[in-house]
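Peer 1: Structure for this input, please:
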Amino acid sequence: MRLYHFTSEAAAALIHVEGIKPTYIHVPRKGQSHHPVVSLTADPDPTPLIKKSLWDGTELSGDALGGYLAANPGTVPPIIGPNTVARRIHLEVPENDENLYMLKHPDIAALGFEDQPHIDEFVTIGGGIAADWRIYLGLVPAAYIVNIDDPR
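Peer 2: Numbering: from 1, shown residues only. The predicted structure is shown next:
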């Protein structure tokens, strides 16, 4: 299955060697999840995610600023975040990989999502549509990386 992950130029250098390290997903109304995950998308275009869950190196605003401030309390705006859409990572992930999950309830109920509308709301706020997204529990192996390029 062809999937994509977007990241900064600095992070891409390590990802190529170490794989994509997971982070804790923030589940609305539930706080932090107990499960570190990597978000992957079937959409090669990062544009819908800019100013939502990713940013392009410009001053943060909207949901991106709110998310950054929540993760970095005490930070004073204006804030210019790293360009997290500087690199697009192309992955070929086996569909039968036991760590790959669609964003569908009850498949990922263990992450704290209450129901499918809750999942859809979470993804829409992040700038995408649920059908395009997968989560990977744990480290995405470097062996799954096909290519790293500039999506612009």
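Peer 1: center of this structure - which residue?
Peer 2: By C-alpha atoms, centre = their mean, the mean C-alpha position of the chain lies nearest to Ser39, the distance being 3.6 Å.
Peer 1: tell me the secondary structure for that one?
Peer 2: Three-state call for Ser39 (DSSP: H, G, I helix; E, B strand; the rest coil): strand.
Peer 1: Can you tell me, leaving aside adjacent residues, what's nearest to Val37?
Peer 2: Sequence neighbours aside, Ile135 is the residue nearest to Val37 in space, at 4.5 Å (criterion: C-beta to C-beta, 6 or more residues apart in numbering). No exception for glycine: its C-beta is placed from N, CA and C like everyone else's.
Peer 1: how about the one you found, what does it touch?
Peer 2: Contacts for Ile135 (C-beta atoms under 8 Å, 6 or more residues apart in numbering) come out as Ile25, Val37, Val38, Ser39, Leu40, Leu100, Tyr101, Leu103, Ile108, Leu111.
Peer 1: Which pLDDT value does the model give the residue sitting furthest away from the middle of the chain?
Peer 2: Most distant residue from the mean C-alpha position of the chain: Val76, 24.3 Å away (C-alpha atoms, centre = their mean). We have a pLDDT of 77 for Val76.
Peer 1: what do you get for Thr7?
Peer 2: You'll see Thr7 listed with a pLDDT of 92.
Peer 1: tally of neighbours for it?
Peer 2: By the other C-beta atoms under 10 Å criterion, the neighbourhood of Thr7 contains 21 residues.
Peer 1: do the same with Glu18
Peer 2: Residues lying near Glu18 (other C-beta under 10 Å) number 12.
Peer 1: Please name the residues that touch it.
Peer 2: By C-beta under 8 Å, 6+ apart, the contact set of Glu18 is Leu139, Ala142.
Peer 1: Go again with 10 Å.
Peer 2: By C-beta atoms under 10 Å, 6 or more residues apart in numbering, the contact list for Glu18 reads Leu139, Val140, Pro141, Ala142.
Peer 1: Bridged to the second one, which residues?
Peer 2: What it means is Val140. Assessed by DSSP bridges, Val140 has beta-bridge partners Ile20.
Peer 1: That one touches Ile15, doesn't it?
Peer 2: Yes: at 8.5 Å, Val140 counts as touching Ile15 under the criterion of C-beta atoms under 10 Å.
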